[in-house]
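Asks: sharing a sequence plus its predicted fold:
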Amino acid sequence: MWLDLSWLRGEVADLYCDDNGRPGIDPEVAIRLMLAGFLLGIVHDRRLMREAQVNIAIRWFVGYGLHEALPDHSSLTRIRQRWGEERFRRIFQRTVQACIAAKIAKGEIVHVDASLIRADVSWDSLAVRHMEAVSAANEDAEARKSRKTGKFKKVCVTDPDATMATNARNRRLEPAYKQHAVVDDLRGVVLDVVVTTGEINEGQMIVERIDAAERTTGLAVRTVTADAGYAYAKVFAAFENRGIDALIPAKAEPIRSPVPLRRFRYDAKHDILKCLRGKVLYPKRPLKYGRFFYLRARDCAGCDLASICLSKGRANKAVVVGNDYPALLRARRRRERWSEEDKQLYQRHRWRSEGYHGEAKNWHGLARAVRRGLTNMTIQAYLTAAAVNLKRLAVALLAHLLGLVLLTLNMAPIEDP
């Protein structure tokens, strides 16, 4: 009922030849085998097929009798390569739509988070990107600067799609991918998932993933929760434009100056900035993500804060204000007025979104990439999310059947002993 894969044969029919080659494996059987493996946390094909030989439950799930020979493990590898990640995404989307139909997901309140997945490579496969020889030969100043800007990182030779990343400053960099997931608030159904290289910032992905989740569900997102790693002005502005309430704790501005930007007052209506002494800074030279605001030198001359406000060697104050700075200010004020309902909803973010990542890693083999390459990692993420959604559907079905049984017992007449 819940796992209807009859549509799959038509979806992949163009990849098979009817009158040439060996008989193909039924596409539904292949997907059921893969899903059985992820449901049981058996993500390696060889081990899965060894288990399927003796596990009656797996044979029943894929429709094979005890006397029938199972496909070879290498067939699953070739099927993944032939189908490509887009078809696996459609399989995952079908599970989302089934959850919507079963009314265990509404798509109105969602939680967004990202998690690193260790790549399937060894430490011996890492090499240092070396540019000193090129820099010395060409006297390229920019190339020499790259050593100071962090571009001199280790790269993975055996899996170039995996990049060095870490989830904490006190932890070492590891070759990893990053999974970005959108989870529904009602029952923890995974509405959208995508995998990128490990160095991609979460703030670059959240708006795009919310749009993708809305396309999959056909429902409008009303509220989004995420941790402080997503608290960027452009993110708040994008959600404001979409009419979405963003429960994201706005980060305090990093203090790099005795007089930081947050001490200046910005008037969005008149597009002016005022310093601590009430002098007006007007916008001047535009940048890629904002604009410079300047004070004239004579306005700063004689100011009692000039010694701590002005940078060394400057006669006037200049600050950079991002394009979406007003949205960030509104988000900071909104954070101070969170209601109890808002706080409880944000607390659910941990055991909905972060809980899904923990469940996928501990129970379904997502702690480490099974195969190499971004495409293989994406397929693994889709199958894992599909397996989790099927678990949610199974629990909902069981609860529904139990409710019918209890209702029947309550309606049955009580007979005298």
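Replies: Here it is on my side, so go on. Residues are numbered from 1 along each chain as shown.
Asks: quick one, helices of the stretch 251-400 of the chain?
Replies: 297-300, 306-309, 325-336, 340-349, 355-363, 374-411 (DSSP state H, counting those that start in this stretch).
Asks: run through who's touching the fourth one.
Replies: This means helix 340-349. By C-beta atoms under 8 Å, 6 or more residues apart in numbering, the list of residues contacting helix 340-349 from outside reads 109, 111, 113, 185, 223, 225-227, 247, 249, 338. Bear in mind the C-beta positions are built from the backbone N, C-alpha and C, glycine included.
Asks: just send those residues back as CSV, with secondary structure, neighbour count and pLDDT too.
Replies: Written out in CSV, the entries for the contacts of helix 340-349 read as follows (DSSP: H, G, I helix; E, B strand; the rest coil; neighbours: other C-beta atoms under 10 Å; pLDDT from 0 to 100):
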residue, secondary structure, neighbour count, pLDDT
Ile109, strand, 19, 96
His111, strand, 28, 97
Asp113, strand, 24, 96
Asp185, coil, 20, 96
Thr223, strand, 16, 97
Thr225, strand, 26, 96
Ala226, coil, 25, 96
Asp227, coil, 18, 93
Leu247, strand, 19, 96
Pro249, coil, 17, 93
Trp338, coil, 14, 93
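Asks: now, which of the residues you listed sits nearest Ala52?
Replies: Asp113 (33.3 Å; C-beta to C-beta).
Asks: hang on, the earlier thing: including distance to Leu35, could the helices of the stretch 251-400 of the chain go into TSV?
Replies: TSV is the format used below for these (distance: least, C-beta to C-beta, whole Å):
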stretch	distance to Leu35
helix 297-300	67
helix 306-309	62
helix 325-336	40
helix 340-349	28
helix 355-363	14
helix 374-411	6
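Asks: between those helices, which one is nearest to Asn241?
Replies: Of those, the one closest to Asn241 (C-beta to C-beta) turns out to be helix 325-336, at 9.0 Å.
Asks: report the residue spans of the protein with pLDDT below the cut-off.
Replies: Across the chain, the ranges flagged by pLDDT under 70 are 1-2, 129-153, 252-256, 411-417.
Asks: and it, what are its domains?
Replies: 8-83, 261-324 (automatic domain parsing).
Asks: nearest to Ala394, of those domains?
Replies: Nearest to Ala394, of those and by C-beta to C-beta, is domain 8-83 at 9.5 Å.
Asks: distance between the ends of the closest one?
Replies: End-to-end distance for domain 8-83: 11 Å, by C-alpha to C-alpha, to the nearest Å.
Asks: let's verify Arg22: helix, strand, or coil?
Replies: Arg22 falls in the coil class when you classify it by DSSP: H, G, I helix; E, B strand; the rest coil.
Asks: tell me, what residue is most central in this protein?
Replies: His180 (0.9 Å; C-alpha atoms, centre = their mean).
Asks: and it, what does it touch?
Replies: Applying C-beta under 8 Å, 6+ apart, the residues near His180 are 112-114, 193-196, 202, 205-206, 209.
Asks: go again using 10 Å as the cut-off
Replies: Contact partners of His180, counting by C-beta atoms under 10 Å, 6 or more residues apart in numbering, are 112-115, 192-196, 200, 202, 204-206, 208-209, 212, 381.
Asks: which residues in the protein form strands?
Replies: Under the criterion DSSP state E, the chain contains strands at 109-118, 126-128, 154-156, 163-165, 174-184, 190-197, 223-225, 245-247, 265-267, 272-274, 280-286, 290-294, 318-322.
Asks: mean neighbour count, those: which tops it?
Replies: Of those, the one with the most neighbours on average (mean count of other C-beta atoms under 10 Å) is strand 174-184, at a mean of 26.
Asks: sheet-wise, list the partners of that one with their directions.
Replies: Strand 174-184 sits in its sheet next to strand 109-118 (antiparallel), strand 163-165 (antiparallel), strand 190-197 (antiparallel), going by DSSP bridges.
Asks: same list, these, but as a markdown table with distance to Ala399 please.
Replies: Shown next, in a markdown table, are the strands paired with strand 174-184 (distance: least, C-beta to C-beta, whole Å):
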| stretch | distance to Ala399 |
| --- | --- |
| strand 109-118 | 21 |
| strand 163-165 | 39 |
| strand 190-197 | 19 |
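Asks: CSV for the domains of the chain, including distance to Arg372?
Replies: As requested, the domains of the chain are arranged in CSV below (distance: least, C-beta to C-beta, whole Å):
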stretch, distance to Arg372
domain 8-83, 12
domain 261-324, 35
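Asks: who wins for proximity to Arg392 among these?
Replies: Closest approach to Arg392 among the domains of the chain (C-beta to C-beta): domain 8-83, 12.0 Å.
Asks: could you check how far Met164 is from Val280?
Replies: Using C-beta to C-beta, to the nearest Å, we find Met164 at a distance of 46 Å from Val280.
Asks: can you count the residues close to the residue lying closest to Asp120 once chain neighbours are set aside?
Replies: Spatial nearest neighbour of Asp120, excluding adjacent residues (C-beta to C-beta, 6 or more residues apart in numbering): Ala369 at 4.3 Å. Ala369: 26 surrounding residues under other C-beta atoms under 10 Å.
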